[in-house]
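J.: give me a 3D structure for the following:
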Amino acid sequence: MAKTNTETLQLLNQLANDEVENAMQALAQAMQQLEQAQQQQQMLSQYQQEYEQQWQQVMQQGLKADLNRNFQGFFSQLALAVKSQNGHIEQCLSVVAQRRLELQEKQRKQKSFEVLIQRAHASQAKAENKRDQKLMDEFASRARGTR
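T.: Residues are numbered from 1 along each chain as shown. Modelled structure (predicted):
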């Protein structure tokens, strides 16, 4: 019965290992998405700075009213894109934090099974030692009785 219990624990431990692997993959994917979002945000910010510099140069040379409206409209669209990207980054950060917590929970569960398996092995070893000691005592007792 103890062997069946240990086998069950080992099966559960293997399932927990699989869950840890899946959680690690989910975390890696979330971190990759975060990195991509941060790169896109950096590109947008860089593009916004370059466009502002270009606008400053054009302003020094004189700017027609319709061109100014076009610049302002584009600036507002660019600012909206940067703001939207910042929101996406916040969402990605939240997902990464959630995936980390899930991974930690799966690792705790796996560790619990490992501890239970170690305890089961120790209990089995103790029972075997007790059984061996009992057999040795019985053997010694019989050996003394036959003399």
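J.: which strands and helices sit next to the longest helix that the chain contains?
T.: Counting by DSSP state H, the longest helix found in the chain is helix 65-145. Counting contacts by 3 or more CB pairs under 8 Å, 6 or more residues apart in numbering; DSSP states H and E, helix 65-145 is packed against helix 2-61. Every residue, glycine included, has its C-beta placed from N, CA and C.
J.: ok so, going back, between the longest helix of the chain and helix 2-61, what angle do the directions make?
T.: Interaxial angle, helix 65-145 versus helix 2-61 (axes from the mean of the first three to the mean of the last three CA atoms, to 10 degrees): 160 degrees.
J.: would you mark the buried spots in stretch 22-42?
T.: Within stretch 22-42, the residues scored as buried using 16 or more other CB atoms under 10 Å are Ala23, Ala26, Leu27, Ala30, Gln33, Leu34, Ala37, Gln41.
J.: can I get those in TSV including pLDDT?
T.: Listed next are the buried residues of stretch 22-42 as TSV, based on pLDDT from 0 to 100:
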residue	pLDDT
Ala23	97
Ala26	97
Leu27	97
Ala30	97
Gln33	97
Leu34	97
Ala37	96
Gln41	94
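J.: what comes up buried for stretch 86-100?
T.: Neighbour counts over stretch 86-100 (16+ other CB under 10 Å) mark His88, Ile89, Cys92, Val95, Val96, Arg99 as buried.
J.: centre of the chain to that stretch, how far?
T.: 12 Å (CA atoms, centre = their mean, to the nearest Å).
J.: list the contacts of it.
T.: Identification of contacts with stretch 86-100 by CB atoms under 8 Å, 6 or more residues apart in numbering yields Ala23, Ala26, Leu27, Ala30, Met31, Gln33, Leu34, Ala37, Gln38, Gln41.
J.: tell me the pLDDT at Thr146?
T.: Thr146 carries a pLDDT value of 69.
J.: okay, Met1: pLDDT?
T.: You'll see Met1 listed with a pLDDT of 50.
J.: scratch that, Lys64
T.: 75.
J.: do Ala16 as well
T.: pLDDT, Ala16: 95.
J.: which non-adjacent residue is nearest it?
T.: Of all residues not flanking Ala16 in the chain, Gln110 sits nearest, at 4.0 Å (CB to CB, 6 or more residues apart in numbering).
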